[in-house]
Each structure stands twice: as C-alpha cells, then as structure tokens.
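Novice: below are the sequence and a predicted model; questions follow.
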Amino acid sequence: MSSNRRDFIRKAAPVAAVATVPVVAGGQAVASDDGGRGRGHHRPRKEVHYPGGGEPPENPLFSPIVTYGDMVYISGIGAHFEGDIRAHTDHVLSEIERYLESVGSSMEKVLKVNVYLNTLDDYDGMNEVFRGRWGDEPGVRTTIAAAAGIPGDSLVEIDCIAVR
C-alpha cells in the first residue's frame, strides 16, 4: 500500500465516524451541528404551556407545564382551600390529570412523581386517594414531609414528569 493511500485512510476514518454518529436527546434523534442541512431531523425545543392557553400578565416565577420533545414536566400543584388530606389529594391529582391531557399525555404515562406532605400523619390518607389514579403500572414516587410546611396552607403538593 502506498504512503498516500495510508495517509488518506488514516485521515478519513475519524471524519467518517463523526459524520455517522447520531445525536440523541430526550429519546429523540436530532441533527448534529450540520446547520439543519439534509437530515430531516429537528431538535426538540422547550415549550411552556399555560392552563387555559393564556399567558400570565407579568413574568412568572415558574411555568406550570413545560414540554421538551415528548417529555412533559408538571410543576408542583397544591390545594389552597379548606379540607382534609383526601380532598386536597383528589383536587391535586385531578389538576395534574387535566394538565397532562392538555398537552397530549395521561396519568398512565407518568414516569416520576414527587409528593410533598405538610405532615407525615397524612401519609395513609393521601395514599388512599393516590392509589389507582396512575393506571396499572404507576411511575416511581418519592414522598416527603416538607420541614416548614407547604406554601399556601396546602396539605399536599405534587409534581411529576411524564411522556406524551
């Protein structure tokens, strides 16, 4: 083999390897830095969703629903009315279900749930309402009691991550 041919192969192999490696983010193949030329793929992008479709009048502290590709992130939802842990949990889970459905997801597609209780004394009551709301194969869950309580006098706050 001639020296020129060896030099060509040595230089070309790394370039070919870089050109064929797919880039994956959020479970979707996306174009690498080719400027969007010729691949037909697109990069997922962050989208903020507001219940009812209207944006808040001023810059909010956080977004209630964010999607990124097929991923769905629901911020913590509490229940800010008089009631017991069962009523608060039912209200929060109904709001989560409504939020998920508004972006093309469902309770069955939830992967991760975080539950924040005002007190661990409410653990059993919360579980009574929580059980069965997520389909036959619920996602993973973490439950804690918030040391200083939950803002707005809610007995429970729940956030989650799902797919569409």
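Specialist: Perfect, I can see it now. Numbering: from 1, shown residues only.

Novice: helices of this structure, start to end?
Specialist: Using DSSP state H, the helices of the chain run over 3-20, 85-102, 123-130.

Novice: so for the last one, what's the average pLDDT?
Specialist: Read that as helix 123-130. Averaging pLDDT along helix 123-130 gives 98.

Novice: cool, and stretch 64-80?
Specialist: The model assigns stretch 64-80 a mean pLDDT of 97.

Novice: okay, how far is it across it, tip to tip?
Specialist: 16 Å (Cα to Cα, to the nearest Å).

Novice: buried ones in that stretch?
Specialist: For stretch 64-80, burial by neighbour count (16 or more other Cβ atoms under 10 Å) applies to 64-67, 69, 71-74, 76-79. Every C-beta, even on glycine, is put in place using the N, C-alpha and C of the backbone.

Novice: distance check, residue 118 against residue 142.
Specialist: Taking Cβ to Cβ, to the nearest Å as the measure, residue 118 falls 16 Å from residue 142.

Novice: out of those two, which sits in the more crowded spot?
Specialist: Neighbours were counted for residue 118 and for residue 142 using other Cβ atoms under 10 Å; residue 118 has more, 19 against 9.

Novice: give me the nearest residue to that one, chain neighbours excluded.
Specialist: In space, and not counting its chain neighbours, residue 118 is closest to residue 155: 4.8 Å by Cβ to Cβ, 6 or more residues apart in numbering.

Novice: ok, now which ones touch that neighbour?
Specialist: By Cβ atoms under 8 Å, 6 or more residues apart in numbering, the contact list for residue 155 reads 79, 83, 84, 85, 88, 89, 117, 118, 119, 122.

Novice: one more time with 10 Å, if that's ok
Specialist: 78-79, 83-89, 92, 116-119, 121-122, 125-126, 149 (Cβ atoms under 10 Å, 6 or more residues apart in numbering).

Novice: hmm, which of the residues you listed are the buried ones?
Specialist: Buried among these (16+ other Cβ under 10 Å): 78-79, 85-86, 88-89, 92, 116-118, 122, 125-126.

Novice: can you list phi and psi of the residue lying closest to residue 152 once chain neighbours are set aside for me?
Specialist: Sequence neighbours aside, residue 80 is the residue nearest to residue 152 in space, at 4.5 Å (criterion: Cβ to Cβ, 6+ apart). Backbone torsions of residue 80, given as degrees, to the nearest 10, read phi -110, psi 70.
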